[in-house]
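1. Quick one, what's the 3D model for this:
(3 chains)
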Amino acid sequence: MDPSYLDILNPEQRKAVLHEGLDGRDRPGGPWKNLTARRPLLILAGAGSGKTRVITTKIAYLIRERGVDPRSIMAVTFTNKAAREMAARARLIENRASAAMIRTFHSFGAWFLRRHAALAGLDSGFVIYDDDDMVSLLGTVMEDASKAELRETAALIARAKDFFLSPEDPELDRISCHDRFRKNYAKYEEKLQKIGNVDFGDLIQKPLKLLEDNPDLARRFHDRFTVIMVDEYQDSNAAQFKLLSRMAGGPETYLCVVGDDDQSIYRFRGADVKNILRFSDHFPGTEIIRLERNYRSFSQILALASSVVDHNCGRLGKTLRAERGAGKLPTLAFLANQDEEAAFCAELVERSVRTGKAKGYSDWAILYRTNAQSLGFETELLHRSIPYKVVGSLKFYQREEIKDALALLALLLNPRDEVAFRRIINKPARGIGAVALDRILKALYGASPSGGGLVDIAKELSLSAKAAAGIKSFAAVMDRAAAVLGGASPPPYRDPPIRYGEGLSACVGSLIIDSALAEYHGFHDEINGLQRIGNLQELVDASSNYKGGREGLVEFMEHIELDRSIDADAENHDSVTLITLHNTKGLEFPRVIITGLEQGVFPRDDKTGDDLEEERRLFYVGATRAMEELYLCSCTFRRVYGRTSPMPPSLFLYEADKTMLEVIGQAPAGFGKSPRQPWRGREQGVFAFGSPSGGAGLKMSSDKRWKQGDRIFHDDQGYGAVIDITEGDDGPVILVRFDNGQEKRFLSFHQSGNYMKIGAGD
DNA sequence: TAGTTTTAAGTTTTT
DNA sequence: CTTAAAACTA
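-> Reported below is the predicted structural model:
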């Protein structure tokens, strides 16, 4: 093959591809192996500067020109979509790239953990718990907690794991300084370990621990993976950084990361921009290459996007040059309400396709802040028969019937899965109530922990006749399913409610029927006119793409757990893309509409400080997806909770460079002038620190704890200072002396950024 | 006690 | 307008 794939690169891109970290000794032709330490490479790549092209080309180049074994190359990203695209594009240049390890961080973690499961005290068929499963499990250790409380604790545990903090870690106070949280976290961990499953955080944590505790394993790892690349590095969190450092710690490992600090949008799940800002401090000798030529967007789109993100403080700052012409001025449309907004979008799409200005529906993407907003657009597009696809809506796997079916499968893989067992053991009713369930679980976690599964344990107990019969029939169901998984043919059914075919679907389909789940949900369908059987059928159909047997089932489950998007065959269909702003990262579209640019929606009202900066970056990410045309929509009224209320335009619209916008529709009075904070929180009882203490690096720890003398602001009382802190049942209670002389106590329960919401104390 | 009806509460963003 | 918790009925 000719090296023309290198010719299309610009000088900086080419430099990044050819870089080998050998101080001028980058000699194509020489051997890649047998070398001492290589300098790491940090590629600071602005939006649309071709960073995916650089990474994929580099992978291909290493394999083809430098004789690197594809199996020794690892490339990780943070989203499934990005991983898929990277793998596809690398393979397009060099077919052997398909043997490279191109995955998301979490998917790699799962792969690694399954291969060394025994070392981590796990079975290789472990199930990955999602957020809902975490909440369910927490519910079993926090007896009288409300759902909201459980959700909050689950989120905190996930955050703790993002920072690689164990329940014992003194630094855990950074997440929450409640002693109760520490205890619940510890109990949760203990139970998860006993069950033998993992959560998302464990997919990073546990591989890291394995590498730390097993020098032998680490050595073998370093022998295998000599090239490690990370895309979207600005979205890595502390745990991922630690894992990466460990993985790249081999004597020969070459590390190359790519990212853009302006596109860091995952702070809420622990991502830390500092990882990229301080990369060269952690990896001495790092070489930095900047990609600052934007090939994607017309310059006026870029100018608009930049004018907003320029309002951020903590950034490296870069000069992104547009290589394309000026193009059409971005349009800002003020619409009456969200129905008008949907109609406006549909109209734009329809007209452009009809007049031939757009190549097709797939030219278009409609972007929104929250998944809930997709509904209005779906309705409108459906009504007008405009084809569309919704990216990343996870509704399907949230459905009751689907979760039930997955619980059955999870139990098949891990018979000790308490969460799954609880979910389906009495569904449909098998006479196993709270009493029986309690006894079974006591036996599982009892003094002499048995190695058997929950069903086996239950069979040994002397339960009530009704419960014993229920267990017996359920055990038979699971045994038959295990046999089918092992290759036996499923029991015969006449007129089955679910059809199943080859591969894994024989097991999945027959289990759903055999367990009477199909019958159960079919009944509900008839009563309530639902589509549950149809959904179950869809799940069974999806499973037919996997080979039968335990391996296939593990693969199927893992795919569902790690990648809940369902865009498999919609790829080549010509349709409009409906997508959240977060999900657009790494994608591009000729025509983009950013919707819901209203204060309270985007950005949300409670965003301040660093969180507000993140929303601004989110706007930047969304706007820079557009190649040719960009539209912004803002509604003057919006229905929220069923009630219609007036919406002020988004702060970002005030910040945007108006010379880069063509405004259409009725702009609210006052728009265009300098804003007098129309977006200020109307909420009562909102606190703000007068001056956030501590430098940026210590922000988290200093924010999470009250100190005497902290200045605060209260909507009713004005400015004041914390004069005393006591530990209450529900967390710290602060005594505040306001400047007006009043003293009041407050119970703090939630805090984010520089603001603190408080509930009235005694 | 299980399943259904009534009433109250409450929207991020993803692996 | 949807979803979770409380109240209610069979």
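2. ok, the residue of the stretch 201-350 of chain A found nearest DNA strand B - contacts?
-> Proximity of the stretch 201-350 of chain A to DNA strand B (C-beta to the nearest atom of the strand) peaks at A:F268, 3.6 Å away. From N, CA and C alone the C-beta is placed, and that goes for glycine too. With contacts defined as C-beta atoms under 8 Å, 6 or more residues apart in numbering, A:F268 is in contact with A:D611, A:E614.
3. quick one: it is in a helix?
-> Yes - using DSSP: H, G, I helix; E, B strand; the rest coil, the secondary structure at A:F268 is a helix.
4. mind checking the SS state of A:L578?
-> Quick answer, by three-state DSSP: A:L578 is strand.
5. For it, list each beta-bridge partner.
-> When bridges are called by DSSP bridges, A:L578 pairs up with A:I366, A:V390.
6. wait, doesn't it sit right on A:A372?
-> No - counting by C-beta atoms under 8 Å, A:A372 is not a contact partner of A:L578; they are 11.9 Å apart.
7. which residues touch whichever strand or helix holds A:T52?
-> Taking DSSP states H and E as the criterion, the element that holds A:T52 is helix A:51-64. Contacting residues not belonging to helix A:51-64 are listed as A:1, A:5-6, A:9, A:13, A:16-18, A:32, A:43, A:45, A:68-70, A:73, A:75, A:82, A:85-86, A:89-90, A:92-94, A:96-97, A:100, A:102, A:227, A:229, A:231, A:256, A:258, A:260, A:291, A:586 [C-beta under 8 Å, 6+ apart].
8. roughly how far out does that helix sit from the chain middle?
-> Between the centre of helix A:51-64 and the centre of its chain there are 26 Å (C-alpha atoms, centre = their mean, to the nearest Å).
9. again, but for stretch A:553-562
-> For stretch A:553-562, the distance from its own C-alpha centre to the chain's C-alpha centre is 16 Å (C-alpha atoms, centre = their mean).
10. Repeat that for stretch A:215-227.
-> Between the centre of stretch A:215-227 and the centre of its chain there are 28 Å (C-alpha atoms, centre = their mean).
11. average model confidence for that stretch?
-> Averaged across stretch A:215-227, pLDDT comes to 94.
12. in it, what's buried?
-> Taking 16 or more other C-beta atoms under 10 Å as the neighbour-count basis, stretch A:215-227 is seen to contain the buried residues A:L217, A:A218, A:F221, A:H222, A:F225, A:T226, A:V227.
13. can those go into TSV with extra columns for distance to DNA strand C and secondary structure?
-> What follows is the buried residues of stretch A:215-227, written out as TSV (distance: C-beta to the nearest atom of the strand, whole Å; DSSP: H, G, I helix; E, B strand; the rest coil):
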residue	distance to DNA strand C	secondary structure
A:L217	41	helix
A:A218	42	helix
A:F221	41	helix
A:H222	45	helix
A:F225	41	coil
A:T226	47	coil
A:V227	44	strand
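14. one step back: which of the contacts of helix A:51-64 fall within helices?
-> A:5-6, A:13, A:16-18, A:82, A:85-86, A:89-90, A:92-93 (DSSP state H).
15. Just the buried subset of those residues, please.
-> Burial by neighbour count, 16+ other C-beta under 10 Å: within those this picks out A:Y5, A:L6, A:Q13, A:A16, A:V17, A:L18, A:A82, A:E85, A:M86, A:R89, A:A90, A:I93.
16. Which one of these is nearest to A:T644?
-> A:A82 (38.1 Å; C-beta to C-beta).
17. In JSON lines, list the buried ones among the ones in helices among the contacts of helix A:51-64 along with pLDDT and distance to A:E558.
-> Below are these laid out as JSON lines (pLDDT from 0 to 100; distance: C-beta to C-beta, whole Å):
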{"residue": "A:Y5", "pLDDT": "85", "distance to A:E558": "33"}
{"residue": "A:L6", "pLDDT": "85", "distance to A:E558": "36"}
{"residue": "A:Q13", "pLDDT": "95", "distance to A:E558": "35"}
{"residue": "A:A16", "pLDDT": "94", "distance to A:E558": "33"}
{"residue": "A:V17", "pLDDT": "95", "distance to A:E558": "32"}
{"residue": "A:L18", "pLDDT": "92", "distance to A:E558": "36"}
{"residue": "A:A82", "pLDDT": "85", "distance to A:E558": "18"}
{"residue": "A:E85", "pLDDT": "88", "distance to A:E558": "20"}
{"residue": "A:M86", "pLDDT": "92", "distance to A:E558": "19"}
{"residue": "A:R89", "pLDDT": "92", "distance to A:E558": "24"}
{"residue": "A:A90", "pLDDT": "94", "distance to A:E558": "22"}
{"residue": "A:I93", "pLDDT": "92", "distance to A:E558": "28"}
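18. What about DNA strand C: which of the residues you listed touch it?
-> The overlap between those and the neighbours of DNA strand C (C-beta under 7 Å from any atom of the strand) is empty.
19. Share the number of residues neighbouring the residue of the stretch 551-700 of chain A at minimum distance from DNA strand C, please.
-> Nearest to DNA strand C, among the residues of the stretch 551-700 of chain A, is A:G642, at 2.9 Å (C-beta to the nearest atom of the strand). The local packing count at A:G642 equals 5, with neighbours defined by other C-beta atoms under 10 Å.
20. what's the pLDDT at it?
-> Confidence per residue is given as pLDDT, and for A:G642 that number is 77.
21. between A:L578 and A:A372, which one's more packed in?
-> Residue environment comparison for A:L578 versus A:A372 gives the larger neighbour count to A:L578, 26 against 9, counting by other C-beta under 10 Å.
22. for DNA strand B, what are the nearby residues on the stretch 251-400 of chain A?
-> The stretch 251-400 of chain A has residues A:Y266, A:F268, A:R269, A:R369, A:T370, A:N371, A:A372, A:G392 near DNA strand B, with proximity defined as C-beta under 7 Å from any atom of the strand.
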